[in-house]
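In: sequence first, predicted model second:
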Amino acid sequence: MRERLVAHSMIRGTVKPPGDKSISHRALIFNGITDGKAIIENVSIGSDVNSTIRCIRKLGVKVEKSFDSNGELSISIRGSGSKILNEPTNILNAGNSGTTMRLLTGLMSSQSFFSVLTGDKSLRSRPMGRIIEPLNRMGANIIARDRNSRPPLVIIGGTLSGIDHFSKVASAQVKSAILIAGLFANGKTIVREPFQSRDHTERLLRAMGAVINSNQAIVSIEQSEISAVDIRVPGDVSAAAFWIVLAICHSNAEIKVNGVGINPTRTGILDTLKNMGANIIIENIREESGEPVADIIAKSSSLEGVTVEGAMIPRIIDEIPILALAACFANGETIIKDAKELRVKETDRINTLVSELTGLGAEIQELNDGLIINGKGHLNGSTCRSHGDHRLAMTLGIAGLLTEEETIVEGAEAAQVSYPHFWNDLRNLIKTHE
C-alpha cells in the first residue's frame, strides 16, 4: 500500500487518537488472570493488541468485542483464573508485538504447563535474553534459539521464587514480565532500573489489589491475588504526538487532540517539544481509571534544537521517530543520545530514520546510540519506505504534509499495528480546510 501526500497551506481540526496500546495490553492480560469479569473501554484497535487477544483466548480467557457508533472498541473479558489457565494446544503467535511476547512470557513462566511463543519475522529477530535470564533464575525453564536470546520461546513454567534483578536497560516490557511472574512467586520480587520506565503495570496491578511498591526506578511485588477492574483506556500519547508535531512544524496550523493519556512516565515527548519552543496547551486535565488524561492543543511554532539523553530516553523512546522529524524544522542542532534501544525495535530505527529522512533532504547523522539532526526548516518530497515499521510509516506520513513537493510513502499499511485509522484521520484533517 502506498500513500501520496502534498503540503496544504492551512491545517485545522480535532483528532481523537486510539486507545493507549501499552495500557490495552496490560488491561487484557491482567484481567485475564482474575476470576472476575471486567469491561475495558476504548481499547487499542491495532494489530498488536489483537495479537494479545488471540493469545489469551487460547489460554481460556473469554473475550467479547463490541464497537460503538464512533468505532470505539470495548471488550468484555472474563478470566479463567490465574491458577487454571488452559495449556495452549498450539503455538501462541504474538505477531509483531514485543509487549505481547514479553508480558506473556512472564505469565507463562508461572504456569505449570508447556507453551511456545513466536512472532513474525521482525519479532523473531528481537532480543529476549533480557527476560529469559531473570525468569529462569526465578525457576522457569525457558529455551530459545540463538544461544537462548531470540524467539521462538519454549516455556515450561512452574514454582517460582522472587529475585532482586537489576535491568541494564530501562524497559517497561522487561520490568513488567518480571513483575507478572512475581505475582506468583514465593518471596519478594524486586526490579531495579537505571532510570524509571513507564509505570502502567504498577498503576494497574496496584488498582487490582496487588502488593506492589514503587520508588522511581525501583519496584517490588509480592505474591498476590488480583481482582478484575473496569477500565477506560486513555488515548495513546504516542499516537497524539504525530498530530502535535504536524501542528507545530506547519506554518499555519492548529490541531486539538482529545482524551490523551498524560502519565508522567510517557510525556517526555511533550516536555521535549515544549523545551524546543512548541506552542502546546494542555487543558481539561482529569483522571480516568487511575491514569491522568487531558486534551492537547498544538499550534504553529518556532522551534530550537535540543539535546535529549539520559533519564529522558525511557520517557520518549517510542516517540523518537516523530521527534526526529520535528528536529528537521528546528533552528540549530538536535542531539539524541543513550537511545541504543532503538536498534532493536521493529526495525533498526536509528538506521532507517537516517535513510528515509536523508531521502527527504534532511541533514541527519547516525550515532551508535542516537542521532544528530541539523534543522533546515524544510524538507523535499520524495518516495520513501516504512520498512514495515508502524512508527516510521506514520512519521513519513506527517513529513509528507510538510514537504515542498509530493511525497509517496511505500508500505503505508504498517500503521495498522498501532493506529489503523491513521490515514483516514490524516485525510479528514486535510479535508476540513481544503
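Out: On my side now, so go ahead. Residues are numbered from 1 along each chain as shown.
In: list phi and psi for residue 34.
Out: Dihedral angles phi and psi of residue 34 (degrees, to the nearest 10) take the values phi -110, psi 170.
In: for residue 166, that is, sorry about that
Out: phi -100, psi 120.
In: can you pull the contacts of it?
Out: Contact analysis of residue 166 by C-beta atoms under 8 Å, 6 or more residues apart in numbering lists 192, 193. Using the backbone N, CA and C atoms, a C-beta is placed for each residue, glycine as well.
In: got any ranges where the stretch 1-150 of the chain has weak pLDDT?
Out: For the stretch 1-150 of the chain, the stretches flagged by pLDDT under 70 are 82-83.
In: mind listing the strands for it?
Out: Assigned by DSSP state E, counting those that start in this stretch, the strands in the stretch 1-150 of the chain fall at 2-5, 11-15, 37-43, 62-67, 73-78, 92-93, 114-118, 141-144, 150-156.
In: how deep is residue 384 tucked in, by neighbour count?
Out: For residue 384, the count of nearby residues is 26 (other C-beta atoms under 10 Å).
In: re the thing from before, residue 275: which of the strands of the stretch 1-150 of the chain is closest?
Out: Among those, the nearest to residue 275 by C-beta to C-beta is strand 11-15 (23.4 Å).
In: can you tell which of the strands of the stretch 1-150 of the chain is closest to residue 195?
Out: Taking C-beta to C-beta, strand 150-156 is the member of these nearest to residue 195, at 25.4 Å.
In: helices and strands around the closest one, which ones?
Out: helix 98-108, strand 114-118, strand 141-144 (3 or more C-beta pairs under 8 Å, 6 or more residues apart in numbering; DSSP states H and E).
In: rerun that using 6 Å as the cut-off
Out: Contact here means 3 or more C-beta pairs under 6 Å, 6 or more residues apart in numbering; DSSP states H and E; on that basis strand 150-156 packs against strand 114-118, strand 141-144.
In: surely residue 213 and residue 220 touch.
Out: Yes - assessed by C-beta atoms under 6 Å, residue 213 is found in contact with residue 220 at 5.1 Å.
In: of these two, which one has the most company?
Out: residue 220 (18 against 14).
In: let me know the pLDDT of the more buried one.
Out: As predicted, residue 220 sits at a pLDDT of 98.
In: what pairs with it across the strands?
Out: For residue 220, the beta-bridge partners are residue 190, residue 213 (DSSP bridges).
In: residues touching it, list them.
Out: Contact partners of residue 220, counting by C-beta atoms under 6 Å, 6 or more residues apart in numbering, are 188, 190, 213.
In: the first one and residue 217: what is the separation?
Out: As judged by C-beta to C-beta, to the nearest Å, residue 188 and residue 217 stand 17 Å apart.
In: quick revisit: nearest to residue 332, of the strands of the stretch 1-150 of the chain?
Out: strand 11-15 (24.9 Å).
In: that closest one pairs with which strands, and in what direction?
Out: Note on strand 11-15: by DSSP bridges, its sheet partners are strand 253-261 (parallel).
In: could you check the angle the strand it pairs with makes with strand 37-43?
Out: If you take axes from the mean of the first three to the mean of the last three C-alpha atoms, to 10 degrees, strand 253-261 sits at 170 degrees to strand 37-43.
In: quick one: average confidence on strand 253-261?
Out: What strand 253-261 shows for mean pLDDT is 97.
In: just to revisit the earlier point, dump the strands of the stretch 1-150 of the chain to TSV, plus distance to residue 226 and mean neighbour count.
Out: Output for the strands of the stretch 1-150 of the chain, formatted as TSV (distance: least, C-beta to C-beta, whole Å; neighbours: other C-beta atoms under 10 Å):
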stretch	distance to residue 226	mean neighbour count
strand 2-5	43	17
strand 11-15	34	18
strand 37-43	11	21
strand 62-67	17	12
strand 73-78	13	19
strand 92-93	22	22
strand 114-118	21	19
strand 141-144	23	17
strand 150-156	21	21
